[in-house]
Every structure is written in C-alpha cells, then in structure tokens.
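**Student:** Build me a structure from this.
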Amino acid sequence: MTSNKSVQPKTKARIFRELLAGKRPVVSCGVYDGYSAMMVEAMGFKTAATTGAGLANSVLGVPDIGIFSLRDNVDTCRNIARSVSIPIMADADTGYGNAVTVYHVVQYFEEAGVVGINIEDQLMPKRCGHMNGKELVETSEMTQKITAAIKAKKDPDFIINARTDAIAVEGIEGTIIRIREYVAAGADMIYADAIRSEDDIARIIEAARGVPVNVNMGFGLRARPTSPLISLTRLAELGVARVSLPRLLPAAALSGMQKALETLKQCIDTGELTDRPDLLVDMAAITKLVGYERINELENSLLTDEQIARKYGEGERDYVVKNKQSH
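**Tutor:** Residues are numbered from 1 along each chain as shown. So this is what the prediction gives:
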C-alpha cells in the first residue's frame, strides 16, 4: 500500500544537522557578502558561516568591537542566506542583551533564513575572539541566554552554538566548567574560541558529552597565532564536528585587491595600462557566479518575442524563438 503523504523536502537546518553527524568535520568558511557566499557554494563546499568580524569590517569599516548592530547583522545575513542554496550559520555576537533580548534575536535570525547562530559569553561591548581585553558575563547569565534561545526557536533543527571565550580569561579549567553548564542548558553545539592545543580540544569534547564541538582555525596569522593549525584528519580523530575558518576569504580578498591596486599604481606611474588576467576573474566568470543565465532564462520564459526584440534587437528575437521551440 502506498502512502498518500507527500515527502517534505529537508530544511537547510536538517541538512546542516546531517552534515554535523558525518565522519569528517564540516568545513565552514567565513563569508561576508554575496560574492563570497556564492563562491563557496560554486567551489563545492556544503555549508558556510557569516564572519562577525568580516561583516563589521567590510560593511561598516569598523573593528569587531560590538558596533555592528542587530539590524545590520540580520539584514546582511538575510541577503547572504538567500543568495545560495547551502546552509548558512550566523554570528549573533553576545545576543545583543539579556535573555529576553536573545529570545527575539533567535527569531529574527531564523526568519532571515540562516540555520543557526553563535552566541558568545563575552560582556558587551564584545571583542573579536583573538583580541586582548575580553571580559565575560557570569556563567549563569549565559545559561539564561541559551535557555531563552532554545525556547525561542521554531525549527527544532535550528542550531544554538554556545561560544565561550573563557580560555583567554579563565583558562581551560574555567572553560570546562562553563561548557558543562552550557550543555546542561541545552546548547546544540559548543564553540570554545582561541583553543591552544590538541589537549584543549580533547578536554572540550569530553566536557561537551556528545554535543557537537566547533573548532575555529585561522589561516594567515603569522604573528602570534592564537590557535595552531591542526589537520582535518587529526580533528576528525579527536571528534571535532565542525571547523570554522572566518578569516580565510576576507584575508584572501584583501590580498587580491592589494595586488590589483599595486599593479594599477604601477600602470599610473608608467603611463601604460597593462592587463593582468592572472590577477582577475573574467566577466564571464562573474556573470556565471552571480546567475545572469537565470535572468536570461526568466526573460525567455516570461517575456513575449516582441518584448525581447525591443530589448535586444531582431537577432536576439530570432534566437529566443528558436530556443523556445527547441524546449
């Protein structure tokens, strides 16, 4: 006997949950705009995450010190999430207030189309996790926020990723105490920032008691790297569920822009313009990434032949008519 019930498609949050349950850590590159998010998807990655520092730096041009507001964050994340089909996590900083505020924050982000958020235990105004001068709220206040976040979410698969910055302030012992409390409060994932060693990771995973653990890695930190780079194979052996790489794409983009501008300055100095295709993607790659072909398909399916002819000329009309007939 066949069932009349229709099969509901998986939500992005459910897809993300299944990725977390895989054998290898889920790799989430930090994205900060449509270009970076679409590039991550085009390159075959299964998920991505907004970078709080990347958004504050690129959108407002300010350091990551709590100036990027809730509305700025939600609006930007909504645009990023709708630009791709892969699950996107978001960084909600400290939750922008107390437990009551967090309750509303969770619903705003869930409505924006992301699959989960980080909430950290820093005191506002917060600081980037790899900056000095961080201060923490009491453990009890953070557990209240986690409880509120769990209560607020409508999709049970929506991820509340409890981040602690306690390693730099209270050491690993204080971090372990906090993690146990955050797990008991119902956190869906644990994220201890600025880990110092494999031993830190092993102890964090043990304290998480089966709750997925997120480890943050930073490429390009040549001076005083906070966390060591550890292979994905080793992280899988340790039991890490997710690896976030928030700086990779913003730093790569800045490096690329710097090289291009240095070349342009040389051209200005010499008075000669020299093309450097090795530094740039071509226009065809941009239009493919952004989805111009989709717009052409919509025009072909929704506009009349006469409208197409007015926009593009008779030759294009003949092409469209022929293309429609072939389909």
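
**Student:** how does this protein divide into domains?
**Tutor:** 12-253, 272-326 (automatic domain parsing).

**Student:** how far does the first one stretch from start to finish?
**Tutor:** End-to-end distance of domain 12-253: 27 Å, with Cα to Cα, to the nearest Å as the criterion.

**Student:** I'd like to check which residues are in contact with residue 8.
**Tutor:** If a contact means Cβ atoms under 8 Å, 6 or more residues apart in numbering, then residue 8 has no contacts. (Each C-beta comes from the backbone N, C-alpha and C, glycine too.)

**Student:** Could you do residue 242 as well?
**Tutor:** So residue 242 contacts 20, 25, 26, 27, 28, 189, 212, 213, 214, 215 (Cβ under 8 Å, 6+ apart).

**Student:** What is the burial count for the spatially closest residue to residue 117 that is not a sequence neighbour?
**Tutor:** Spatial nearest neighbour of residue 117, excluding adjacent residues (Cβ to Cβ, 6 or more residues apart in numbering): residue 92 at 4.0 Å. Number of residues near residue 92 (other Cβ atoms under 10 Å) recorded here: 28.

**Student:** residues touching residue 92, list them.
**Tutor:** 73, 105, 106, 109, 117, 118, 119.

**Student:** And residue 198, by the same measure?
**Tutor:** Residue 198 makes contact with 230, 234, 238, according to Cβ under 8 Å, 6+ apart.

**Student:** Quick check: it vs residue 111, distance?
**Tutor:** Note on residue 198: its distance to residue 111, by Cβ to Cβ, to the nearest Å, is 39 Å.

**Student:** about what we covered before: mind checking which of the contacts of residue 242 land in helices?
**Tutor:** If you go by DSSP state H, the contacts of residue 242 have residue 20 in helices.

**Student:** Now do stretch 50-57: distance from first to last residue.
**Tutor:** 12 Å.

**Student:** which residues sit against it?
**Tutor:** Residues external to stretch 50-57 that are found in contact with it (Cβ under 8 Å, 6+ apart): 30-32, 62-65, 67-68, 72-73, 76-77, 80, 88-91, 93, 114, 118, 128, 246-247, 249-250.

**Student:** Okay, now the unreliable bits of this structure?
**Tutor:** Applying pLDDT under 70 to the chain flags the ranges 1-5, 129-130, 220-226, 314-327.

**Student:** any idea how far residue 145 is from residue 188?
**Tutor:** Residue 145 is 13 Å from residue 188, by Cβ to Cβ.

**Student:** tell me which element the most centrally placed residue in the chain falls in.
**Tutor:** The residue lying closest to the centre of the chain (Cα atoms, centre = their mean) is residue 49, at 1.1 Å. Per DSSP states H and E: residue 49 is located in strand 48-50.

**Student:** Off-centre distance for that strand?
**Tutor:** 1 Å (Cα atoms, centre = their mean, to the nearest Å).

**Student:** so what does the longest helix that the chain contains touch, helix or strand wise?
**Tutor:** Taking DSSP H as the criterion, the chain has its longest helix at helix 248-270. Here helix 248-270 touches strand 26-31, helix 34-42, helix 52-55, going by 3 or more Cβ pairs under 8 Å, 6 or more residues apart in numbering; DSSP states H and E.

**Student:** And those: which comes nearest residue 279?
**Tutor:** Closest approach to residue 279 among those (Cβ to Cβ): helix 34-42, 15.9 Å.

**Student:** which strands and helices sit next to that closest one?
**Tutor:** strand 26-31, strand 48-50, helix 70-82, helix 248-270, helix 283-290.

**Student:** To residue 39, which of the ones you listed lies closest?
**Tutor:** Taking Cβ to Cβ, helix 283-290 is the member of the helices and strands packed on helix 34-42 nearest to residue 39, at 6.5 Å.

**Student:** and the closest one, C-alpha only, in CSV?
**Tutor:** Provided in CSV are the C-alpha atoms of helix 283-290 (Å, rounded to 0.1, in the frame of the first residue of the first chain):
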residue,chain,number,x,y,z
MET,A,283,33.4,38.9,-16.8
ALA,A,284,32.0,35.6,-17.9
ALA,A,285,33.1,34.0,-14.6
ILE,A,286,31.3,36.8,-12.7
THR,A,287,28.1,36.6,-14.6
LYS,A,288,28.1,32.8,-14.2
LEU,A,289,28.7,33.1,-10.4
VAL,A,290,26.0,35.7,-9.9
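
**Student:** Quick check: what element follows it along the chain?
**Tutor:** Next in sequence after helix 283-290, counting helices and strands by DSSP H and E, comes helix 292-302.

**Student:** returning to that earlier point: ranking the contacts of residue 92 by neighbours, who comes first?
**Tutor:** Neighbour max across these (other Cβ under 10 Å) = residue 117, 29 neighbours.
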